[in-house]
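Novice: Show me how the following folds:
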Amino acid sequence: MREKRRSGRRPFDCRLDFEAGTIGSGGYANATYEARGLDISPEGVGLSCDNPLSKGMILRLLSPIPEESAGFSPFAEVVWSAPAGDRFRAGLRFLR
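Specialist: A predicted model of the protein is given here:
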């Protein structure tokens, strides 16, 4: 598989809280989720969470991101997501 990242990533073991909008029978609602950071780069972050995320979802990150990623938007797009044991892994791209 061809590497698509533009910059290197580094380990990032940190709790990440994020918000995702959902549409259900009661209308639109924001739900807050908890994930664990796995790696980070200036372009995005890899994470592990209990909930499946869909490619193309837009998330609002509620946890602070390290200073070296300064200038990032608190919004990120799910680029990929896959089951990983009893959890799910996902790759997010920061939206600028």
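
Novice: on contacts alone, who are the packing partners of the helix-or-strand element of the chain with minimal mean pLDDT?
Specialist: Lowest by mean pLDDT, DSSP states H and E among the helices and strands of the chain is strand 15-24, with a mean of 84. Under the contact definition 3 or more Cβ pairs under 8 Å, 6 or more residues apart in numbering; DSSP states H and E, strand 15-24 sits against strand 27-40, strand 58-61. Just so you know, the C-beta spots here come from the backbone N, C-alpha and C atoms, and that holds for glycine as well.

Novice: got the angle between it and strand 27-40?
Specialist: 150 degrees (axes from the mean of the first three to the mean of the last three Cα atoms, to 10 degrees).

Novice: Below-threshold pLDDT in this structure: ranges please.
Specialist: Scanning the chain for pLDDT under 70 picks out 1-7, 22-24, 66-72.

Novice: again, only this time at 90
Specialist: Applying pLDDT under 90 to the chain picks out residues 1-9, 21-31, 41-43, 63-74, 95-96.

Novice: from memory residue 35 sits against residue 46, does it?
Specialist: No. Residue 35 is beyond contact range of residue 46, at 9.9 Å (criterion: Cβ atoms under 8 Å).

Novice: what touches both of those two?
Specialist: residue 90 (Cβ atoms under 8 Å, 6 or more residues apart in numbering).

Novice: Those two: which is more packed in?
Specialist: Shown here are residue 35 and residue 46; by other Cβ atoms under 10 Å, residue 35 has more neighbours (26 against 20).

Novice: which residues does the more buried one bridge with?
Specialist: residue 16, residue 49 (DSSP bridges).

Novice: For residue 90, list the residues it contacts.
Specialist: Counted by Cβ under 8 Å, 6+ apart, residue 90 has contacts 35, 46, 47, 48, 49, 53, 78, 79, 80, 81, 82.

Novice: hang on, I meant residue 95
Specialist: 58, 73, 75, 76, 77.
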